[in-house]
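> Give me coordinates for this.
(chains A and B)
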Amino acid sequence: MIPEIGHFSLILTLFVALAQGGFALAGAANGNARWIAFARPAARVQFLLIIISFASLAWAFVAKDFSVAYVAQNSHSQLPLFYRIAAVWGGHEGSLLLWMLMQTGWAYAVSVFSRQLPDAMVARVLGVLGLVAAGFLLFVLLTSNPFERLVPPPMEGLDLNPLLQDVGLIFHPPLLYMGYVGFSVVFAFAIAALLAGQLDATWARWSRPWGTAAWLFLTLGIALGSWWAYYELGWGGWWFWDPVENSSFIPWLVGTALIHSLAVTEKRGSFKSWTVLLAISTFSLSLLGAFLVRSGVLTSVHAFATDPRRGVFILLLFTVVVGSSLFLYALRAPKVGLGGRFDLVSRESLLLVNNVLMAVAAGSIILGTLYPLFIDALGLGKLSVGPPYFNAVFVPLMVPALLLMALGPIANWKSAKVGAMLKRLYVPAAVALGVGIATPIALGRWSPMVALGIALATWIATAVVIGIIERMRATRSGLLAQPRSWLGMHVAHLGIAVFVAGVALVMGYETEQDIRMAPGDTVTAGGYDLKFLGVRKTPGPNYVADMGDIEMSRDGKILRLLHPEKRTYTSSAMPMTEVAIDANGLRHVYVALGEPLADGAWSIRVYYKPFVDWIWGGCILMALGGLLAISDRRYRLKKRERRASSKLAEATS
Amino acid sequence: MASVKNRHKRIALIVGGVAALGVATALVLNAFQSNLVFFFTPTQVSAGEAPKERSFRIGGMVETGSVQRQSDGLTVKFTVTDTAKTVPVTYTGILPDLFREGKGVVAQGRLEPGGLFRAEEVLAKHDENYMPPEAQHALDQAAKNAPPTRP
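Here you go, the predicted model:
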């Protein structure tokens, strides 16, 4: 009964979404106040209905209702409770329901945090979001219904893929979807502005916090996915340039360009058409990412769907969204004014270069990701594009972007003096050169790539620190008294520096050994001695594990025991590697069991990964910067002013 | 005067943009060509269609009974088949969890003069019932080219 309530509630949402899209957009076009007023409550009802639907599916998982086909495919009676709940989004149908929860959740947030906006604008934004939601709901209901029943119901479920039975599943998809779907809000703002013919600084100020919010979730989602792949797949890689990773990274790059372009539009009124185009692109590329990942055209853990109708439907949805928004853009963009003029050397120009670099990087990754699919679709053979391609293209494009990161924040809007800027860059340049050369020498082995990476990271970090100190001195106020969005920018840039340093050091100094170890054997990694003591059988809740005991010591002093596991899940007999990692923020000692060999020996992976935590630490700093930026007072100031003025109006009337 | 300055600015911007695009295109195409990894079925490899100097991918099934572990414990030899032809493969390192005899596999590496495929990477699957599309493609191709069996 409860799954049917969930299904019914999903169908109801579709009608509410369609009505919201129709009434709100028509009302805004005709100035019909009652239709406009329909937008906010409709958005809230949709969120409530999807919560009911989502809770119904979660209940089916918790109650082990295997008569629901989706539950039977992705759960098992022995599956622990928190994985049964996370398994709601462990498969295709449920992950779409999660997508819908996020989609309607963002629309709900717009309906709540938009009091300072004109009602007609809110109606347009929510109307566009309603239509997007309707498109996805049609997709869910027609091709991927999570509430379908099985007759007769099976006694036992097929279990969740053991690769997904991990804490990563609980956080990675929700964060990533928050990011993907969040860009639909900026997209809706752009479309609403095009519809209203009101592309101005106000529109940019409204869009900006939403764009930054989506970007920070996407950053966290990608970082978490990278961390998950690093320890769960047992290969110790944090990025593979896998098409699935690329399809989340492409919207990130374009989204990064978008939040910088929005800054120019808000502050100076320039780049308006370009910003709109980026807003449309970012969301479209999020949809493209969803298509690539969900349609099954890619080989990966994410490709659950084998039903070709699903791929066709998402492609159709993608085409409708891109086609209609670009058509609208073509109609309206010529009327958009040029905005503030600026000199060749100005913050605008530097941000333009940032945008070009980000867009070109995104374009080259799209090429490398889609080319094999085109060739395959045309029947010209099967091929893949290797990671060296992406490194060879991406690194040279990012070096100038990183160099310019120290310049952008100190350049004046409209027109900047080259001489004055150079004077402020002497110190960062000297520090970067010194630290860049000293680090590889201090670490014992010269490497030009490490020197370059560390120099770039130091260059950015020094510029950030000097920028903050100078401003604190000039304004005679403390760190926390500075504007939050300005602080946020610097924290995010510092995150990039930390990230780059982590990448350079781990790439330069990691060691990877696959070796055969008999009990009693010792191997050295990064100055640590690892002694293999043996493997014993250990039962788990729904698996049996071969658990290894590896003694980690340094200079004869025993530090700790590491316990890598090789699990065999009882329901599927599928083997899984669980790695053991000793982390201290500066390095990982990473061990994983391979296969049992003769005489109690095992093949074992022993990796030493210096500074690998900095990669994810940098991403967390970037997201923190985004959080600081959206908490800036100026986004809330309008609200308070408006509330004060409306109180005044009430008082006078 | 101002308009001349503006025109100069615009020209500089356009030239800069075109130059950046040109450099990026050159980078991309250069890296692209040298990093395309083509896929060949065991039948194609047997027919000598696969490149000799370049790394490429093969796919198919791990032939049942063909997996042999060498004495160092880390080198494994096995045969990849598309049911028509087979390719001997050697790999040193730890195999993915789901590497099994009789299951699909995709490997990337180089062909040695003697016809042995030295794999640098054996690609993992993510699910025990999942068949890599490349491996499936190899089997389909072989089935299509097979002479019709007598009823």
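
> Does the closest residue to A:A504 other than its chain neighbours lie in a helix or a strand, and which?
Setting aside the residues directly before and after it, A:A504 is nearest to A:G453 in space (C-beta to C-beta, 6 or more residues apart in numbering or on different chains), at 2.4 Å. Every C-beta, even on glycine, is put in place using the N, C-alpha and C of the backbone. Under the criterion DSSP states H and E, the helix or strand holding A:G453 is helix A:448-475.

> Next up, the contacts around the residue nearest to A:A504.
By C-beta atoms under 8 Å, 6 or more residues apart in numbering or on different chains, the contact set of A:G453 is A:V500, A:A501, A:V503, A:A504, A:L505, A:M507, A:G508.

> cool, and A:L627?
A:L216, A:G488.

> A:E148: what's it in contact with?
Taking C-beta under 8 Å, 6+ apart as the definition of contact, the neighbours of A:E148 are A:V68, A:A69, A:Y70.

> Then A:A214?
Counted by C-beta under 8 Å, 6+ apart, A:A214 has contacts A:M178, A:G179, A:Y180, A:V181, A:G182, A:F183, A:V185, A:V186, A:G255.

> Mind picking the two most distant members of the residues you listed?
With C-beta to C-beta as the measure, no two of the contacts of A:A214 lie farther apart than A:M178 and A:V186, at 13.4 Å.

> Between those two, which has more neighbouring residues?
A side-by-side neighbour count of A:M178 and A:V186, using other C-beta atoms under 10 Å in any protein chain shown, places A:V186 first with 31 against 21.

> what's the spacing between the residue nearest the centre of chain B and A:A432?
Per C-alpha atoms, centre = their mean, the C-alpha nearest to the average position across chain B is that of B:R57, at 2.9 Å. B:R57 is 41 Å from A:A432, where distance means C-beta to C-beta, to the nearest Å.

> try A:P162
A:P162 sits at a distance of 46 Å from A:A432 (criterion: C-beta to C-beta).

> Report pLDDT for the closest residue to A:R471 other than its chain neighbours.
With C-beta to C-beta, 6+ apart as the criterion, A:R471 has its nearest non-adjacent residue at 6.3 Å, and that residue is A:Q482. On the pLDDT scale, A:Q482 is placed at 90.

> ok now do A:Q482, which residues does it touch?
For A:Q482, the contacting residues are A:I468, A:R471, A:M472, A:T475, taking C-beta under 8 Å, 6+ apart as the criterion.

> Filter those down to the buried ones.
In terms of neighbour count (16 or more other C-beta atoms under 10 Å in any protein chain shown), the buried residues within the contacts of A:Q482 are A:I468, A:R471.

> quick one on the thing from earlier: of all the contacts of A:A214, which comes closest to chain B?
Using C-beta to the nearest C-beta, A:G255 is the member of these that sits closest to chain B, with 19.7 Å.

> what packs against the helix or strand harbouring that closest one?
Assigned by DSSP H and E, A:G255 falls within helix A:243-268. Here helix A:243-268 touches helix A:167-196, helix A:201-232, helix A:272-294, helix A:347-377, going by 3 or more C-beta pairs under 8 Å, 6 or more residues apart in numbering or on different chains; DSSP states H and E.

> So for the third one, mean pLDDT?
The predicted model assigns helix A:272-294 a mean pLDDT of 89.

> now the last one
In this model, helix A:347-377 has an average pLDDT of 90.

> buried stuff in it?
For helix A:347-377, the neighbour count (16+ other C-beta under 10 Å) marks A:347-372, A:375-376 as buried.

> Mind giving me the packing neighbours of the helix or strand following it?
Later in the chain than helix A:347-377, the nearest helix or strand by DSSP H and E is strand A:383-385. Based on contacts counted as 3+ C-beta pairs under 8 Å, 6+ apart, the elements that strand A:383-385 packs against are helix A:347-377, strand B:36-40.

> Can you list the low-confidence ranges for chain A?
By pLDDT under 70, the weakly predicted segments of chain A are A:234-236, A:295-307, A:637-653.

> domain parsing for it?
By the record's domain assignment, chain A is partitioned as A:1-161, A:511-611 (automatic domain parsing).

> so how far is the longest one off the chain centroid?
If you compare the mean C-alpha spot of domain A:1-161 with that of the full chain, they lie 21 Å apart, counting by C-alpha atoms, centre = their mean, to the nearest Å.

> per-domain residue ranges of chain B.
With domains defined by automatic domain parsing, chain B comprises B:1-36, B:39-145.

> out of these, nearest to A:G594?
Nearest to A:G594 among the domains of chain B is domain B:39-145 (3.6 Å), distances taken as C-beta to C-beta.

> Can you measure across the closest one, start residue to end residue?
Across its full length, domain B:39-145 reaches 18 Å end to end, with C-alpha to C-alpha, to the nearest Å as the criterion.

> my guess is A:I515 contacts A:S603, does it?
Yes - in this structure, A:I515 is within contact of A:S603 by C-beta atoms under 8 Å, at 7.2 Å.

> CA atoms only for stretch A:574-588 - export them in PDB, please.
Taking Å, rounded to 0.1, in the frame of the first residue of the first chain, the C-alpha atoms of stretch A:574-588 are listed here in PDB:
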ATOM      1  CA  MET A 574      31.200 -11.200  -5.100                       C
ATOM      2  CA  PRO A 575      34.700 -10.400  -3.800                       C
ATOM      3  CA  MET A 576      35.600  -7.000  -2.600                       C
ATOM      4  CA  THR A 577      38.900  -5.400  -1.500                       C
ATOM      5  CA  GLU A 578      38.900  -3.200   1.600                       C
ATOM      6  CA  VAL A 579      42.100  -1.300   1.800                       C
ATOM      7  CA  ALA A 580      43.800  -0.200   5.100                       C
ATOM      8  CA  ILE A 581      45.200   3.300   5.200                       C
ATOM      9  CA  ASP A 582      47.300   5.000   7.900                       C
ATOM     10  CA  ALA A 583      46.900   8.800   7.400                       C
ATOM     11  CA  ASN A 584      48.300  11.700   9.300                       C
ATOM     12  CA  GLY A 585      47.500  14.600   7.000                       C
ATOM     13  CA  LEU A 586      50.900  14.600   5.400                       C
ATOM     14  CA  ARG A 587      51.000  11.100   3.900                       C
ATOM     15  CA  HIS A 588      49.100   7.900   3.500                       C
END
